[in-house]
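Engineer: Task: produce atomic coordinates for the following.
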Amino acid sequence: MNNYITFEQLRKESNLILNESDTESFKRIIAKSEKNEGKNVFLSHSSKDIKHLPYVISFLEKYGSTVYIDKLDKYLPSSTNHQTAVELKKRITDIDKFILFATENSKDSKWMPWELGIADGIKKFYDIAILPSVENRFEETWAEQEYLSIYKKIVWGSR
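Structural biologist: Numbers count the residues shown, from 1 in each chain. All right, here's what the predicted structure looks like:
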């Protein structure tokens, strides 16, 4: 069995105390990722996982990352179009590391496999990682998608 981090472990490890109705705190945590300059991790994620992003960002920052997320990029068009793809490709190229926050929602994303493919074509193998996160530690079948298995995984605890 893999040691995928659960959403609850992410919340605890991030040392954040938020509730989902605390929109100001949520926005403040996310806003730390607003500036594009100086970011060392491009975080690919499903828009359906937005409620987990403050915890993921805080978790990664705890280990020295500065995280880019597309939702806060003021240079991206307000509605998705060709320019969105061009700009995201540039960010993936310019930012040192690429982490795919893989959840059960990831399988429904059109952008995440594309972003991972761009990173795969540009980055060195050790600059790409998958951060699989699950509701409970027994739920992991979805995370075994073939293309995810070729990348290093960020796992919880000892192996």
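
Engineer: When you work out contacts or count neighbours from here on, use the C-alpha atoms and nothing else.
Structural biologist: Will do.

Engineer: what about the strands in the chain?
Structural biologist: With strands called from DSSP state E, the chain shows them at 5-6, 41-44, 67-68, 97-102, 128-134, 152-153.

Engineer: could I get those as CSV with mean pLDDT, distance to residue 108 and mean neighbour count?
Structural biologist: Formatted as CSV, these follow (pLDDT from 0 to 100; distance: least, C-alpha to C-alpha, whole Å; neighbours: other C-alpha atoms under 10 Å):
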stretch, mean pLDDT, distance to residue 108, mean neighbour count
strand 5-6, 86, 20, 20
strand 41-44, 96, 13, 26
strand 67-68, 90, 21, 26
strand 97-102, 96, 11, 23
strand 128-134, 92, 15, 23
strand 152-153, 88, 20, 17
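
Engineer: Adding distance to residue 113, write the ones you listed out as JSON lines.
Structural biologist: JSON lines is the format used below for the strands of the chain (distance: least, C-alpha to C-alpha, whole Å):
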{"stretch": "strand 5-6", "distance to residue 113": "21"}
{"stretch": "strand 41-44", "distance to residue 113": "9"}
{"stretch": "strand 67-68", "distance to residue 113": "17"}
{"stretch": "strand 97-102", "distance to residue 113": "9"}
{"stretch": "strand 128-134", "distance to residue 113": "12"}
{"stretch": "strand 152-153", "distance to residue 113": "16"}
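
Engineer: For residue 88, find the nearest of the ones you listed.
Structural biologist: strand 41-44 (9.6 Å; C-alpha to C-alpha).

Engineer: Tell me which strands that closest one pairs with, and in which orientation.
Structural biologist: If you go by DSSP bridges, strand 41-44 pairs up with strand 67-68 (parallel), strand 97-102 (parallel).

Engineer: do you know which of those strands lies nearest residue 74?
Structural biologist: strand 67-68 (11.9 Å).

Engineer: that older thread, which one of the strands paired with strand 41-44 lies closest to residue 51?
Structural biologist: strand 97-102 (12.6 Å).

Engineer: how far away is the nearest residue to residue 109 once chain neighbours are set aside from residue 149?
Structural biologist: Once flanking residues are discounted, residue 109 sits nearest to residue 46: 6.0 Å by C-alpha to C-alpha, 6 or more residues apart in numbering. Residue 46 sits 19 Å away from residue 149, going by C-alpha to C-alpha, to the nearest Å.

Engineer: Go ahead and confirm residue 62 touches residue 56.
Structural biologist: No - the pair residue 62 / residue 56 is not scored as a contact, 9.8 Å apart, by C-alpha atoms under 8 Å.

Engineer: Thanks again, I'm all set now.
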